[in-house]
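Asks: predicted model, plus sequence, below.
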Amino acid sequence: MDWKSHRIDALLEQALVEDKAAGDATTNLTIDPDLRAAASILARQEMVVAGLGAVPRFLEIFARLDRRPPAQTRFEVVSHPEIFDGVRVHAGQVLAVIRHNARVLLSCERVILNLMQHLSGIATLTRQYVDAIQGTTARVLDTRKTVPGLRALEKYAVLCGGGTNHRLDLASGILIKNNHISLGGGIPAVLARALAERKSGQRVQIEVRNPRELEEALANGAEAILLDNMTPVQVKTSVERIKEEKRWIPTEASGGIVLENIRSFAETGVDFISVGALTHSAKAANISMSITAEPASATR
C-alpha cells in the first residue's frame, strides 16, 4: 500500500477534518501544550493486523492541518520487527508505540483506532476464510461490496488477510451479470458484443445460474464463468463440465457462501470463491490505545 498516494492522503485527511481533530476543544483546554506522551496501540484479541502504515501518515497530515510549533510536531512510531500488516497477533500484544505531543495523540486517537479496527477486522475475517479452505486449490476473492470511499483500503486489508483482490472497479474487468444478460438481449448477444469490442488483454467473464445458461455461455465463447447461487453439488457438476472444454476457463463460485460452507465449495475444484462478507460484514477488531505522560527526562 502506498500510504503517501494522493488518494490515500485525501482519505486520511478527510477523516481528520470530519472529526475536527485540529479543533479538539476538550484536549486544548485541559492538556499542557508542551506535554510529551507515549501511546501504545494494543491488540485486545487474536487478530490479523492491517493499517499500521496509516499511523505516521495521520500524524504527518495532522501537523499540516494544525500548524503547531516544530517542537510540538516531533514524533516517532516504533513497532517490533515482527509486527507488520498481515501478521497474526495475540491478545495483549503491543502493535506500535507512538511518542508525540500529548495533545496530538489525544486528538488523533479516534481516527487512528477507527481505521485500524476496521481494516484489521477485515483482515482477520479474511484469514478465517482462507484458513477454512487450506489444502484446496481454491482462492478467496473479495467483491465490490465496500464502504464508499474506502475500497482501496478495504481491498488492501483483504490482501493482508491472505485473500485475493477481484475487480477494483467497473473499469478493471468485464463481468457480465444477470441484469446485463436480461437487458442486453441474452447470453449469445452480450457475449458477442463483449468479445468483439473488449480492450486487448481483457478476459470476458459471465455469470450463469443453471446448466442451460452454462451451455449457452460455453457455446458462445465465454472465457471465465461465475457460478452464481449454486449448491456445492451443482458447482462440482458445472466445474467438471467446464473442464471438458479444450481451453482453460477459470471458474468462480459466488452467492450464499459463509465460513460454515466455504470448504464444501472449495472441494468442488472451483478456482475462485468470492465472498462479499469479507468487506461488508467484518466485525471491527478490538484495538485500544493507552496514553501515558513521558518522564521529563524523555522529553529533552
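Replies: Here it is on my side, so go on.
Asks: could you list the low-pLDDT ranges of the chain?
Replies: Applying pLDDT under 70 to the chain flags the ranges 296-300.
Asks: where do the helices sit along it?
Replies: Assigned by DSSP state H, the chain shows helices spanning 6-18, 25-30, 54-66, 102-132, 151-160, 178-184, 187-197, 211-219, 232-242, 262-266, 277-280.
Asks: can you put those in JSON lines and add distance to Ala39 and mean neighbour count?
Replies: Glycine gets a C-beta too; all of them are placed from N, C-alpha and C. As requested, those are exported to JSON lines (distance: least, CB to CB, whole Å; neighbours: other CB atoms under 10 Å):
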{"stretch": "helix 6-18", "distance to Ala39": "16", "mean neighbour count": "15"}
{"stretch": "helix 25-30", "distance to Ala39": "13", "mean neighbour count": "11"}
{"stretch": "helix 54-66", "distance to Ala39": "10", "mean neighbour count": "19"}
{"stretch": "helix 102-132", "distance to Ala39": "5", "mean neighbour count": "23"}
{"stretch": "helix 151-160", "distance to Ala39": "22", "mean neighbour count": "23"}
{"stretch": "helix 178-184", "distance to Ala39": "48", "mean neighbour count": "14"}
{"stretch": "helix 187-197", "distance to Ala39": "52", "mean neighbour count": "16"}
{"stretch": "helix 211-219", "distance to Ala39": "55", "mean neighbour count": "17"}
{"stretch": "helix 232-242", "distance to Ala39": "47", "mean neighbour count": "18"}
{"stretch": "helix 262-266", "distance to Ala39": "38", "mean neighbour count": "21"}
{"stretch": "helix 277-280", "distance to Ala39": "28", "mean neighbour count": "21"}
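Asks: which of those helices sits closest to Val48?
Replies: Val48 sits nearest to helix 102-132 of all the helices of the chain, at 4.0 Å, using CB to CB.
Asks: contact partners of stretch 179-194?
Replies: 174, 176, 204, 206-207, 213, 216-217, 219-222 (CB atoms under 8 Å, 6 or more residues apart in numbering).
Asks: thinking again about what came up before, would TSV of the helices of the chain with distance to Ala253 be doable?
Replies: Converted to TSV, the helices of the chain look like this (distance: least, CB to CB, whole Å):
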stretch	distance to Ala253
helix 6-18	31
helix 25-30	50
helix 54-66	33
helix 102-132	13
helix 151-160	17
helix 178-184	16
helix 187-197	19
helix 211-219	13
helix 232-242	5
helix 262-266	5
helix 277-280	14
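Asks: Thr292: which of those is closest?
Replies: Using CB to CB, the nearest of the helices of the chain to Thr292 is helix 102-132, at 9.3 Å.
Asks: how far away is the residue lying closest to Glu216 once chain neighbours are set aside from Ala217?
Replies: Setting aside the residues directly before and after it, Glu216 is nearest to Ile187 in space (CB to CB, 6 or more residues apart in numbering), at 4.3 Å. As judged by CB to CB, to the nearest Å, Ile187 and Ala217 stand 6 Å apart.
Asks: need the overlap of contacts for these two.
Replies: Here Ile187 and Ala217 have Ile206 as joint contacts, going by CB under 8 Å, 6+ apart.
Asks: what does stretch 97-110 rub up against?
Replies: 16, 19, 21-22, 24, 27-28, 31-41, 55, 58-59, 62-63, 66, 68, 72-79, 289, 291, 293-294, 298.
Asks: please disregard the earlier target; I meant stretch 37-46.
Replies: 49, 55, 88-102, 105, 109, 112-113, 116, 285-294.
Asks: which of these fall within strands?
Replies: Mapping the contacts of stretch 37-46 onto strands (DSSP state E) picks out 88-89, 94-101, 287-293.
Asks: for the buried ones among these, write the corresponding PyMOL selection.
Replies: Selection command for PyMOL covering only the buried members of the ones in strands among the contacts of stretch 37-46, criterion 16 or more other CB atoms under 10 Å:
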select buried, resi 88+89+95+96+97+98+99+100+101+287+289
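Asks: re the thing from before, of the contacts of stretch 179-194, closest to Arg7?
Replies: Nearest member of those to Arg7, counting by CB to CB, is Ile174, at 23.8 Å.
Asks: and the closest one, how many neighbours?
Replies: Other residues near Ile174 come to 20 when the count uses other CB atoms under 10 Å.
Asks: for the closest residue to it other than its chain neighbours, what are its contacts?
Replies: Leaving aside its sequence neighbours, Ile174 sits nearest to Val204 (CB to CB, 6+ apart; 5.0 Å). Each residue near Val204 by CB under 8 Å, 6+ apart is listed here: 174, 176, 191, 194-195, 198, 221-224.
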